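In: Just to be clear, the model below is a prediction. Sequence and coordinates:
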Amino acid sequence: METLHFAEIIAGQAKKYGERTAFYHRKKITDEWTSLSWTAMSEQVTALAKRLYEMGLKEGDRVGQFSNNMVENMVTDYALFANRAVVVPMYATSTAQQIEFIVNDSAIEILFAGDQAQYEIALEVKQRSSVLKTIVVYDPDVELKDADTLRFADVLEAGRRSNRQLDVRERQQAATEDDLACILYTSGTTGNPKGVMLPHSCLDEAVRVHRIRIPEMTDQDTSIAFLPMSHVFERMWCYLCVANGVTVYVNLRPIEITEAIKQVRPTMMCAVPRFWEKVYAAVQENIAKMPPSKQGIVTWALAVGRKYNIDMLRNGLKPGLGLRIKYKIADTLIYSKVKKTIGIENAKLFPVAGAKLSDDINIFLKSMGVPIAYGYGLTETTATVSFFEPVGYEFGTVGRLIPGIQVKIGADNEIMLKGRTIFRGYYKNPEANAAAFTDDGFFRTGDAGFLRNDCIILTDRLKDLFKTSYGKYIAPQEIETRLILDKYIEQVAVIGNEKPYVTALIAPALPAVEEFARKARISFGTTEELLAKPQVIELIDSCIRKQQEGMAAHEQIKKFALLATPFSIQTGELTNTLKLKRPIVEQRYKVLIDEMYVK
């Protein structure tokens, strides 16, 4: 199947699908979903493209997006592509300082903002920036405070009256795969973010290889955009959906996803492991509340599911009649009810990536017939490098390589990649580019691992790997991933670089801990009082020991401190993709950390 250039793809889909729905969107969770047809989408893209041309947008200009997920994001993207311009998405949770850096670094003159809070930040940046000239606001209810601020609806209306269609058409016809499509700034766990340059050739290749690897995706599917569209995973997934005619529900606020899934009941959705960790924890908690007789049925059902889905289907084998009957019974009694409760009973494919997914959770979901496809990728690789296929996947890996990717294992077992989905380089950052690529053009991922049967096995994140003062190497993410599986633990920061032993800062799951305290008749006033109770400290200690069973002695946490306030983006301890900023955490909690190493 041939894919039109992204500059022309919306018009092509409008000719093919007409009044069929391309996107559903809404402003409030209580609102009905509003549809946007392919024809209407094409009309808006054309109108915006014409108006942007009139506003002086030149080929190659960078235009920013600072917004929650909105259908206007997609309209803007394709209007920019029609002008051979470049979209620079920014996380909706970004601070003014972060936005200012990106605006100045990529010389953004036009910035699209979402709601009132994002507009206020954009305006603050504009007042300081010598680059930013115009803000366009998506949300019609935003109170404007600047003469150079335009409403998206007004810009569209002006575009409809414009006679610049031939000028835009000329740009569309001149578009090539070498044109720069996006600059995606990485979250930056240390230092300033880097602008990852993705040309249209990367986008086109990503669509091509995913059509090969996901033949089950059709124009009858529905997806829900849950992750931020500023994240390469969701952005590329939405582009793939558009290219394949999939109807996308745009979820505005991440906290609403639980209810949104139940309303939409999508066939497809990409997510990060944390989403499935919470699903797993909730299901396990419900199982724990069941009477022993029903727990026995669940245990039986999961055993049947594991034999059916993992032992048989995963290996390309056909289950026998007896097993098929048992599976049908287990599905009726357990699986179907769990899936319907979550809203995933129509699931065909649920890609998951962005962090480590526990094998225990993976096996649990696969046993129940939830079609998650665990994978691996980076912003620099246009998202996907590898992922699980329906048959032949191996636990302990992050799936099989996508077609066209070359892998080389470098020093310290670093995974290095080359292929048409690998980015062009970091924007205006020659030093970072020199460090990122080998002399023969391979991209250094910063991840350690190896290949087995064309599948990637990740072992460490080299930047996170640290060594104790006794010379023992520690992979903190491996420990953290284990601990957050516990219902009483929400966040963990493992400490130990150049220290005699491993310690941890732990933000407990407060609702669960408070319920434990009530049942144990432990009186407390503040959260700090609760976390200081010996029974709570003993509870968390037992959770740590349970989750670290089987780990080497030098990897086990010897001391820990409980935090009443969790790590957050707002306090600078987490990136916009919820990755831990270890240097900031270690600096902010230095006194607490030092106390754990007092003899």
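Out: That came through, no problem.

In: For the longest strand along the chain, name the packing helices and strands.
Out: If you go by DSSP state E, the chain has its longest strand at strand 443-452. Contact here means 3 or more CB pairs under 8 Å, 6 or more residues apart in numbering; DSSP states H and E; on that basis strand 443-452 packs against strand 406-409, strand 414-418, helix 430-436, strand 455-461. Heads up, the C-betas are built off the backbone N, CA and C, glycines and all.

In: Output the ones you listed in JSON lines, with distance to Ile261 and mean neighbour count appended to each entry.
Out: What follows is the helices and strands packed on strand 443-452, written out as JSON lines (distance: least, CB to CB, whole Å; neighbours: other CB atoms under 10 Å):
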{"stretch": "strand 406-409", "distance to Ile261": "35", "mean neighbour count": "15"}
{"stretch": "strand 414-418", "distance to Ile261": "33", "mean neighbour count": "20"}
{"stretch": "helix 430-436", "distance to Ile261": "37", "mean neighbour count": "12"}
{"stretch": "strand 455-461", "distance to Ile261": "28", "mean neighbour count": "19"}
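
In: Dump those to CSV, plus distance to Thr134.
Out: Shown next, in CSV, are the helices and strands packed on strand 443-452 (distance: least, CB to CB, whole Å):
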stretch, distance to Thr134
strand 406-409, 43
strand 414-418, 38
helix 430-436, 30
strand 455-461, 40
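
In: tell me the mean pLDDT over stretch 43-55?
Out: Mean per-residue pLDDT for stretch 43-55: 98.

In: err, stretch 179-196, not the other one
Out: The average pLDDT within stretch 179-196 is 85.

In: First-to-last residue distance for that stretch?
Out: Start-to-end span of stretch 179-196 (CA to CA, to the nearest Å) is 14 Å.

In: got it, and stretch 182-196?
Out: Stretch 182-196 end-to-end distance (CA to CA) = 8 Å.

In: go on, stretch 487-506?
Out: One end of stretch 487-506 sits 13 Å from the other (CA to CA).

In: For Gln220, which of the helices and strands packed on strand 443-452 is the nearest?
Out: When the helices and strands packed on strand 443-452 are compared by CB to CB, strand 455-461 sits nearest Gln220, at 30.3 Å.

In: on contacts alone, who are the packing partners of that closest one?
Out: Here strand 455-461 touches strand 383-387, strand 400-401, strand 443-452, helix 476-483, going by 3+ CB pairs under 8 Å, 6+ apart.

In: again, only using 7 Å
Out: With contacts defined as 3 or more CB pairs under 7 Å, 6 or more residues apart in numbering; DSSP states H and E, strand 455-461 has these neighbours: strand 383-387, strand 443-452.

In: Can you mark which positions in the longest strand of the chain are buried?
Out: Within strand 443-452, the residues that count as buried by 16 or more other CB atoms under 10 Å are 443-449.

In: sorry, back to before: is it possible to export the helices and strands packed on strand 443-452 to TSV including distance to Glu72 and mean pLDDT?
Out: Output for the helices and strands packed on strand 443-452, formatted as TSV (distance: least, CB to CB, whole Å; pLDDT from 0 to 100):
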stretch	distance to Glu72	mean pLDDT
strand 406-409	38	96
strand 414-418	34	96
helix 430-436	32	94
strand 455-461	35	87
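
In: Nearest to Ala475, out of those?
Out: strand 455-461 (4.6 Å).

In: which residues touch the closest one?
Out: Outside strand 455-461, the residues within contact range by CB atoms under 7 Å, 6 or more residues apart in numbering are 376, 385-386, 394, 396-401, 413, 415, 446-450, 475, 477.

In: now swap in stretch 441-452 and tell me
Out: Contacts of stretch 441-452 (CB under 7 Å, 6+ apart): 378, 380, 397, 407-410, 412-418, 422, 436-438, 456-463.

In: 6 Å - rerun?
Out: 407-409, 412-418, 422, 436-437, 456-463 (CB atoms under 6 Å, 6 or more residues apart in numbering).

In: could you give the angle of the longest strand of the chain to strand 414-418?
Out: Computed by axes from the mean of the first three to the mean of the last three CA atoms, to 10 degrees, the angle separating strand 443-452 from strand 414-418 equals 110 degrees.

In: Show me the one of the helices and strands packed on strand 443-452 that comes nearest Ala206.
Out: Minimum separation from Ala206 across the helices and strands packed on strand 443-452 (CB to CB) falls at strand 414-418, 13.7 Å.

In: Name every strand pairing with the closest one and say which way it goes.
Out: Counting by DSSP bridges, the strands paired with strand 414-418 are strand 406-409 (antiparallel), strand 443-452 (antiparallel).

In: quick one: which of the helices and strands packed on strand 443-452 is nearest Ile121?
Out: helix 430-436 (26.1 Å).

In: Determine the set of other helices and strands touching that closest one.
Out: Helix 430-436 sits against strand 425-426, with contacts defined as 3 or more CB pairs under 6 Å, 6 or more residues apart in numbering; DSSP states H and E.

In: Parallel or antiparallel, which strands does the strand it packs on pair with?
Out: strand 195-199 (antiparallel).

In: In the strand it pairs with, which residues are buried?
Out: Buried-residue list, strand 195-199, by 16+ other CB under 10 Å: 195-199.
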